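Undergrad: Whatever this is, show me its structure:
(chains A and B)
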Amino acid sequence: MWDAFGFEFINFYFIPGLVLGCIYALGAIGITLTFGILRFANFAHGEVMMSGAYLTWTVMAIITSVLGIAVHPLVAAVPAGLIVIWLFLLTDKYFYKPFRKADTIKVVMASFGMMLIIRSAVQVIWGPNQLTFVQGIAKPNTVLQSFSQSIDMLLLIPNKHLFIFTGTIVIVIALSYLLNRTRIGKAMRAVSDSPDLAHVTGIDVDQVIRATWIVGGACAMAAGVFLAMDIQMLETTMGFRMLLPMFAAAILGGIGKPYGAVFGGLVIGLAEELSAYPWIGDAPLISPGYKTGVAFAIMVIMLIVRPQGLFKGRSF
Amino acid sequence: MDAGILLYFLSLLTVGGIYAIFALGLNVQWGFAGLFNVGIVGFAAVGAYTYALLTTAESTFHLGGFGWPLPVAMFVAMIASTLVAAVIGFICIRLRSDYLAIATIGIAEIIKLIFKNETDITNGPRGINKIPRAWEHFSEERFYSSWPMSWFGTPESWSAFFDGLPNWWWQPFFTGTILFVMLVIYWMLERARTSPWGRMMTAIRENEPAARAAGKNVTARRIEAFVIGAAIMGLGGALFAQHLRLIEPTNTFDSAKVTFLVWVMLIAGGSGNNRGAMLGAFLIWTIWSASELLITGAIDLFAYIFDTVDPGALRTRAGFLRMMLIGLLLQVILQKYPQGILPEARPASPQRRKQE
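TA: All right, here's what the predicted structure looks like:
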């Protein structure tokens, strides 16, 4: 089966789809947690991803100019991530918290406003032009290439994609440890399932909300940096482009279900990339220009057929 | 008075009026029925493109040459926008408002994607040019050499007639038309608001279970409000296309400049209040364009004093700064003045009105 078809399909459609899926998955974790615990659709989530990538770029530039060494984006992402989480908490305090007792739609509106504030702020600070982490074409990993060639399965995976896969797996394992084994993680799941019951049992809801922002912020940060590594550039609309697929992933997996979000993210990412594969004839099944439309179509179908998502999330 | 200042005022009124129409449309959806639509730009784009394709002259770049009369094309633009809204409405209206928000922002992006990718029909990212503008189109040869204008004069006489007018002769008429359309919509919505339909809308928005218990068909009423609002936005889009004369999918229909600005206008003016929606539109648009003049002036002065500064780069960034400040303005209004400048006034019931 490993012929020209397999080579093309795996290397040019399946692996890019998986990479995109990882990015969506990490972004959707934050969206689904905020939706489940704070009960609102956070429109600013994509912009937080984007600003995280820009901050990482700045940290890299500062390290390069001060110490004279080029660091990997993933190293620079750690200090930048702390800033992003701090900004997340500040945003919550000043823009979302005042509406906590009010109608949820007010918070959605506030997050919609935040989306534009963050984007414009990034445009003011970094300018509207594209930036890059690393210049040049990413070459496939040679070890993997020669190994896979020796067993007649030529795999062309650049290092950046290996970093993204590993990073996503590490984050998802850490997340599952947090949610299942720690007190705060269990409290988060409890609030997501039933806020009233959680409140009655004495769970500190404010602490849970802070934890939600921290976890969501860390995942968003990773997603933003991975995205910038994957497309090898930073632009101010990249967060907004991710927003719709991430919502689709969160709804597909079921609102409030982090594992559902991961699964949904992978499905949406693969569906977007595989939709451009020439399944019938030589032309792409769906023109690559309509990739976003695939995510949207999946989301609309889910909303009609099963609004609670695949993993029995909440539906409001 | 200087013609330049007059024209600036007229153009301020023109764009303000178009935004007021958008804000009135949003007021039906959000102010009356509490539907959170963040896809205004999508409905505006449907209206604008429908109008543009039906009225532009034949072109090798895009579909066209239908030569429909302008008012008919505007009406069809409304219908096109209505149909799109009806489809979304049927799917999403029964879910909580967050989902409607996600779906509308999604559909707006998909609509823009279609206009960008279907290059044979819409000329893709290059957009559609030379869209006929009401009144100004009379002075185009394509219009005065065909009926009905050809009944009243030969092309030569028309040409000579228009040459005798100042080249901005159409501007007052165009502005007047937009304000007239706005006032007609306002009058109709005001009738709707004080009618039983409008009071039922308020009831549904404020207490859905009670309205349902009283036997109101909540879903149908919500879809009605959503569709009427979208039709008004489609009409606004058609007028927007006339004002701009060149539309393309990315920059013309930037969700920040259309959707977001309209939201700020409605919230600032007072959601639920039709007069508030119009007031907010004119006010925010005046602030928006005045701040552009101010900032450009400040940058020029700055660049004059420090001649190492590149005014071009500063000007681009100043535009983003303006957007950020408008965003902060929205947050302040939401938190401190959620009612807006003109708060919603509930219409009295007919019995009470009789007693008074």
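Undergrad: Tell me which stretches of the stretch 1-150 of chain A form strands.
TA: With DSSP state E, counting those that start in this stretch as the criterion, the stretch 1-150 of chain A has no strands.
Undergrad: Show me which residues of it are close to chain B?
TA: Proximity of the stretch 1-150 of chain A to chain B (CB under 8 Å from any CB of the partner chain) is limited to residues A:35, A:40-41, A:43, A:95, A:98-99, A:104-106, A:108-110, A:112-114, A:116-117, A:119-121, A:123-124, A:127-128. Quick note: C-beta positions are derived from backbone N, CA and C, even for glycine.
Undergrad: Just the buried residues from those residues, in PyMOL please.
TA: To isolate the buried ones among the residues of the stretch 1-150 of chain A next to chain B in PyMOL, judged by 16 or more other CB atoms under 10 Å in any protein chain shown, type:
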select buried, chain A and resi 35+40+41+43+95+98+99+104+105+106+108+109+110+112+113+114+116+117+119+120+121+123+124
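Undergrad: which residues are contacting stretch A:293-300?
TA: Residues from elsewhere that reach stretch A:293-300 (CB atoms under 8 Å, 6 or more residues apart in numbering or on different chains): A:244-245, A:247-249, A:251-252, A:267-268, A:271-272, A:275, A:286, B:91, B:102-103, B:106-107, B:109-110, B:113.
Undergrad: scratch that, stretch B:318-326 is what I was asking about
TA: So stretch B:318-326 is in contact with A:116-117, A:119-121, A:123-124, A:128, B:256, B:260-261, B:264, B:284, B:288, B:291-292, B:295-296, B:299, going by CB under 8 Å, 6+ apart.
Undergrad: coming back round to it: restricted to helices, list the contacts of stretch A:293-300.
TA: A:244-245, A:247-249, A:251-252, A:267-268, A:271-272, B:91, B:102-103, B:106-107, B:109-110, B:113 (DSSP state H).
Undergrad: so where's the stretch 201-316 of chain A shaky on pLDDT?
TA: A:315-316 (pLDDT under 70).
Undergrad: That one against chain B: which residues are in contact?
TA: The stretch 201-316 of chain A comes close to chain B at residues A:243-244, A:247, A:251, A:287, A:289-290, A:292-293, A:296, A:299-300, A:303-304, A:307, A:315-316, as judged by CB under 8 Å from any CB.
Undergrad: Filter these down to the buried ones.
TA: With neighbours counted by 16+ other CB under 10 Å, those contain buried members at A:243-244, A:247, A:251, A:289-290, A:292-293, A:296, A:299-300, A:303, A:307, A:315.
Undergrad: how about A:Val225, what does it touch?
TA: Neighbour list for A:Val225: A:52-53, A:56, A:73-74, A:77, A:80 [criterion: CB under 8 Å, 6+ apart].
Undergrad: Does B:Pro166 belong to a helix, a strand or coil?
TA: Assigned with DSSP: H, G, I helix; E, B strand; the rest coil, B:Pro166 falls in the coil class.
Undergrad: neighbours of residue 190, just the number please.
TA: No chain in the question, so chain A it is. The burial count assigned to A:Ala190 is 17, neighbours taken as other CB atoms under 10 Å in any protein chain shown.
Undergrad: wrong one, chain B
TA: Counted with other CB under 10 Å, the neighbours of B:Glu190 add up to 14.
Undergrad: mind checking pLDDT for it?
TA: We have a pLDDT of 92 for B:Glu190.
Undergrad: try B:Ser145
TA: pLDDT for B:Ser145: 73.
Undergrad: Could you do A:Gly30 as well?
TA: 92.
Undergrad: what about A:Thr236, is that helix, strand or coil?
TA: coil.
Undergrad: Go ahead and confirm it touches A:Arg119.
TA: Yes. When contacts are counted by CB atoms under 8 Å, A:Thr236 is listed as touching A:Arg119 (5.8 Å).
Undergrad: hey, what's in contact with both of the two?
TA: By CB under 8 Å, 6+ apart, the residues touching both A:Thr236 and A:Arg119 are A:Met50.
Undergrad: What degree of burial does B:Ile5 show, as a neighbour count?
TA: 9.
Undergrad: what stretches of the stretch 1-150 of chain A score poorly on pLDDT?
TA: In the predicted model of the stretch 1-150 of chain A, residues A:1-5, A:135-136 satisfy pLDDT under 70.
Undergrad: before we move on, the earlier item: now, the buried ones among the residues of the stretch 201-316 of chain A next to chain B that are in helices?
TA: Under the assignment DSSP H, those contribute A:243-244, A:247, A:251, A:292-293, A:296, A:299-300, A:303 to helices.
Undergrad: what sits against B:Glu208?
TA: Contacts of B:Glu208 by CB under 8 Å, 6+ apart are B:Val218.
Undergrad: Let's see the pLDDT reported for it.
TA: The model's pLDDT for B:Glu208 equals 86.
Undergrad: Next, count neighbours for residue 132.
TA: Looking at chain A here, since you left the chain open. 12.
Undergrad: wrong chain, I was asking about chain B
TA: B:Pro132 has 22 nearby residues by other CB under 10 Å.
Undergrad: Wait, it touches B:Thr56, no?
TA: Yes. B:Pro132 lies in contact with B:Thr56 (CB under 8 Å); the separation is 7.0 Å.
Undergrad: Return the residues of the stretch 251-356 of chain B in contact with chain A.
TA: Checking the stretch 251-356 of chain B against chain A by CB under 8 Å from any CB, the hits are B:256, B:260, B:263, B:267, B:313, B:316-317, B:320-321, B:323-324, B:326-328, B:330-331, B:334-335, B:338.
Undergrad: Swap in 6 Å and give it another go.
TA: Residues of the stretch 251-356 of chain B lying near chain A by CB under 6 Å from any CB of the partner chain: B:256, B:260, B:317, B:320-321, B:323-324, B:327, B:330-331, B:334-335.
Undergrad: Kindly reformat these as CSV containing pLDDT and secondary structure.
TA: Below are these laid out as CSV (pLDDT from 0 to 100; DSSP: H, G, I helix; E, B strand; the rest coil):
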residue, pLDDT, secondary structure
B:Ala256, 81, helix
B:Phe260, 91, helix
B:Arg317, 81, helix
B:Phe320, 86, helix
B:Leu321, 87, helix
B:Met323, 88, helix
B:Met324, 89, helix
B:Gly327, 90, helix
B:Leu330, 91, helix
B:Gln331, 92, helix
B:Leu334, 89, helix
B:Gln335, 90, helix
